[in-house]
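>>> Have a look at this fold, sequence not included:
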């Protein structure tokens with residue numbers, strides 16, 4: 001099982017967000033965001049921030065760093081190690097199954113990811129064989145668009161894509177491309193952009209809080 005940082009709610013958890021960091025970061029990267037989401041006090045959501053393994057990354061001169069997969073070339077469509085990406089996706093599936101064993105149904109689990117972590121999140125959520133609560137894709141791209149086997153279990157899964165208009169690491173065109181691809185496959189996808197670079201902003205975090213509340217709050 002991947003090492004991870006877990007943040008528990010004040011009451012026993014009945015829902016979960018598994019949130020994947022970007023290249024060179026770790027699970028601590030997005031942990032400070034949790035209180036800024038301003039989730040309702042009665043929303044018993046566990047946050048899991050897994051740590052990617054340490055591997056050599058080709059575009060960074062072979063430097064060893066936390067990464068979900070190797071990036072082989074810096075180009076618009078990004079030549080990547082798809083096999084490694086799918087292996088990381090399999091590890092996230094293990095975390096989902098662990099949460100199910102702990103009593104949280106898949107319909108109460110959201111997969112989120114930033115940048116490289118978002119590419120893995122696409123693979124995980126769209127191919128998962130049981131319904132999930134949602135997919136949150138932040139400043140990322142649909143790296144396995146041409147190889148993924150989408151599972152009909154998540155055809156109606158809410159998807160929120162967010163991207164910075166001034167992103168010079170993952171151009172916004174790739175976020176829009178993912179949105180268009182999912183729309184063509186009739187997924188309920190929402191797209192929001194912000195005047196920011198390859199990062200997150202407060203307005204965006206507040207919107208994420210509203211979106212999580214919408215899809216995880218019990219009536």
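Perfect, I can see it now. Quick caveat: nothing in here was measured; it's all calculated off a predicted structure.
>>> Flag every buried residue along stretch 175-184.
175, 177, 178, 179, 182 (16 or more other Cβ atoms under 10 Å). Where you see a C-beta, it was placed from the backbone N, CA and C, and this is true even at glycine.
>>> List the residues that contact residue 25.
Residue 25 makes contact with residue 66, according to Cβ atoms under 8 Å, 6 or more residues apart in numbering.
>>> Report the secondary structure element holding it.
Assigned by DSSP states H and E, residue 25 belongs to neither a helix nor a strand.
>>> Please, where are all the strands along the protein?
For the chain, applying DSSP state E gives strands covering 4-7, 15-20, 45-50, 54-57, 63-66, 109-114, 134-138, 159-164, 189-194.
>>> Which one of those lies nearest to residue 74?
strand 54-57 (11.1 Å; Cβ to Cβ).
>>> what sits up against that closest one?
23, 24, 62, 63, 64, 65, 66, 67, 69, 70, 71, 84.
>>> Would you agree the last one is in contact with residue 58?
No: here residue 84 lies out of contact with residue 58, judged by Cβ atoms under 8 Å, at a distance of 11.2 Å.
>>> Need the residues touching each of those two.
With Cβ under 8 Å, 6+ apart as the test, residue 84 and residue 58 both reach residue 70.
>>> Tally up the residues packed near residue 194, please.
When counting by other Cβ atoms under 10 Å, one arrives at 20 neighbours for residue 194.
>>> Next: residue 8.
Neighbourhood size, residue 8 [other Cβ under 10 Å]: 12.
>>> The closest residue to residue 27 other than its chain neighbours: what's it in contact with?
Closest residue in space to residue 27, ignoring its immediate chain neighbours: residue 49 at 3.4 Å, by Cβ to Cβ, 6 or more residues apart in numbering. Each residue near residue 49 by Cβ under 8 Å, 6+ apart is listed here: 4, 5, 6, 7, 19, 20, 21, 27, 28, 29, 30, 31.
>>> mind running it again at 7 Å?
Residues near residue 49 by Cβ atoms under 7 Å, 6 or more residues apart in numbering: 4, 5, 19, 21, 27, 28, 30, 31.
>>> again with residue 117
So residue 117 contacts 20, 21, 22, 68 (Cβ under 7 Å, 6+ apart).
>>> Dump these to JSON lines, plus neighbour count, pLDDT and distance to residue 205.
Converted to JSON lines, the contacts of residue 117 look like this (neighbours: other Cβ atoms under 10 Å; pLDDT from 0 to 100; distance: Cβ to Cβ, whole Å):
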{"residue": "20", "neighbour count": "33", "pLDDT": "98", "distance to residue 205": "17"}
{"residue": "21", "neighbour count": "25", "pLDDT": "98", "distance to residue 205": "15"}
{"residue": "22", "neighbour count": "26", "pLDDT": "97", "distance to residue 205": "16"}
{"residue": "68", "neighbour count": "32", "pLDDT": "98", "distance to residue 205": "22"}
